[in-house]
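Chemist: dropping the sequence and predicted coords here.
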There are 2 protein chains.
Amino acid sequence: MTRYPGQKHYLVAVDCIIFGFDGEHLKLLLIKRDFEPEKGKWSLMGGFVQPDESSEEAAKRILFQLTGLEGVYLEQLETFGRPDRDPVERTLSIAYFALIDIHQYEKQISGKYHAGWYPIDKYPKLIFDHSAMVELARKRLRYKASLHPILFELLPEKFTMPQLLNMYEDVYDAAFDKRNFSRKILSTDLLMKQKDKDKSASKKGAFYYKLNKRKYTANFHAFLKFIPNPDHLI
Amino acid sequence: MTRYPGQKHYLVAVDCIIFGFDGEHLKLLLIKRDFEPEKGKWSLMGGFVQPDESSEEAAKRILFQLTGLEGVYLEQLETFGRPDRDPVERTLSIAYFALIDIHQYEKQISGKYHAGWYPIDKYPKLIFDHSAMVELARKRLRYKASLHPILFELLPEKFTMPQLLNMYEDVYDAAFDKRNFSRKILSTDLLMKQKDKDKSASKKGAFYYKLNKRKYTANFHAFLKFIPNPDHLI
DNA sequence: GAAAATAATTGTACATTTGACACTACAAAA
DNA sequence: TTTTGTAGTGTCAAATGTACAATTATTTTC
């Protein structure tokens, strides 16, 4: 039988950067690590890749463990492989980032991990190189979202134009002209205007929109040049 | 001492998708695998991550082994982690792609690996999931190159406008209007016109250009919206 | 020195996209 | 019915992108 003699074996983990949007701010889902080392410290949700699963399956499993959600937007970010990143023994971590509808998450019960949502620009110190993962994920989110309509993944099924604007403004930490913004958004033809309104935020109420899933899938790659000043991408 | 009990360990490899441009076509550097399994079959250049090195260092080492080149453009592509991707035992592979000046490579001697350059759309069957890696790298290259001036990494220090046009046309498998092309390229202010000409391709000769490295570094992220019709990115 | 071949420049008309900007519409509450 | 707070539009000028052609420049070769 063939072998690869003399090669070292390592642990391989998956860590998930989970983004949510609460209507005000872009947030990050963190947990309190429940094993040593660094037990009790804030951390990304992660776990080891099991023998029978791919790394993507591992990420989905871990995401489901924490949030109870399936079928969410998930993308491989990058593999972190510095030899000393885990003090216990060499562990490479494949980082994934996920975009979830925070309100769906809230329906789930998961006290087990003592999870908490933190604003993306004000989260606690994290273990190991998890902060580097978060910062990279944040850049990638901006990059990707300036080219593709992925931010819709953060919203509930029905959302309003002001909510959408808020979200983009928070993600890019910039102000957009609401007239130009809505013109651009609507020109993509990705949204379907609903008959009912959200009146929780104003007297007049704002019309709900739904995403046209078919067109979303079909035009995912044709959303380019969406954000006015793409210096955010750096 | 803290441990992670009961977790499986795996081999971790690095595979390099090495792109070159010979003045005519975008090419891929492949080797003949010199160990079992699949010995003698075509493969990407790869190797196992050693205990003292990060995955990026491993990729650089492997690149150097094959090409003798250092300081080349190198970017992590994605980690391939299907449980059965290597028939011998579970091995995760972190794929990197590199852009090199093919002429610099040719100066190196490296008969050891029986390496060969193949056109990107006509390369032999590769072992394992290496073909999937190549196809992903190709997509990524187009994507990235439509937003950032990375294709200059494929050219020698001095190059001409027709060469540049050739390269873009081959990478995107599309024809570009040379007038609009050169206008756009020059408007980026990334090129420095030289006094001498390349007369190998025509009687009149074409002026050489050099990349302004300072501006290249400074404006790397501001090259956006370069390619006319970004449907190639899919 | 004329012909041939390609490089390089300049132009231009048109459609499209962008960005700056200010007012009206609506519905509830007072 | 007036007030209040937010939602929702319209216009214009400038910049950009694109599809075209014609001309000039340079050098080798015939």
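Modeler: It's in.
Chemist: C-alpha from now on. contacts and neighbour counts both.
Modeler: Noted.
Chemist: now do the SS call for the residue of chain A found nearest DNA strand C.
Modeler: Of all residues in chain A, A:Lys204 sits closest to DNA strand C, at 3.6 Å by CA to the nearest atom of the strand. Three-state assignment for A:Lys204 (DSSP: H, G, I helix; E, B strand; the rest coil): coil.
Chemist: what's the answer for the one 3 residues further on, then?
Modeler: What three-state DSSP gives for A:Phe207 is strand.
Chemist: list the beta-bridge partners for it.
Modeler: Legend: beta-bridge partners of A:Phe207 under DSSP bridges are A:Lys197.
Chemist: from A:Lys178, how far off is it?
Modeler: 15 Å (CA to CA, to the nearest Å).
Chemist: if we can go back for a sec, the residue of chain A closest to DNA strand C: neighbour count?
Modeler: 10 (other CA atoms under 10 Å in any protein chain shown).
Chemist: got it, and the one 3 residues further on?
Modeler: A total of 17 residues lie near A:Phe207 under the criterion other CA under 10 Å.
Chemist: now swap in A:Asp52 and tell me
Modeler: By other CA under 10 Å, the residues close to A:Asp52 number 12.
Chemist: that one contacts B:Pro83, correct?
Modeler: Yes. A:Asp52 is within contact range of B:Pro83, at 6.2 Å (criterion: CA atoms under 8 Å).
Chemist: so who does the residue of chain A closest to DNA strand C touch?
Modeler: Applying CA atoms under 8 Å, 6 or more residues apart in numbering or on different chains to A:Lys204 gives no contacts.
Chemist: need the pLDDT of A:Leu186.
Modeler: Predicted confidence (pLDDT) for A:Leu186: 92.
Chemist: are we agreed that it is in a strand?
Modeler: No. Counting by three-state DSSP, A:Leu186 is not part of a strand but helix.
Chemist: what is the burial count for it?
Modeler: Count around A:Leu186 with other CA under 10 Å applied: 14.
Chemist: what of A:Ser200?
Modeler: A:Ser200, neighbours per other CA under 10 Å, totals 9.
Chemist: that one belongs to a strand?
Modeler: No. Counting by three-state DSSP, A:Ser200 is not found in a strand; it is coil.
Chemist: and after the lengthiest strand in chain A, which helix or strand comes next?
Modeler: Across chain A, the longest stretch assigned as strand under DSSP state E is strand A:11-21. Next helix or strand after strand A:11-21 toward the C-terminus (DSSP states H and E): strand A:26-32.
Chemist: for that next one, the distance to its chain's centre please.
Modeler: Its chain's C-alpha centre and that of strand A:26-32 lie 10 Å apart, by CA atoms, centre = their mean, to the nearest Å.
Chemist: so which elements touch that strand?
Modeler: strand A:11-21, strand A:42-43, strand A:116-119, helix A:161-172 (3 or more CA pairs under 8 Å, 6 or more residues apart in numbering or on different chains; DSSP states H and E).
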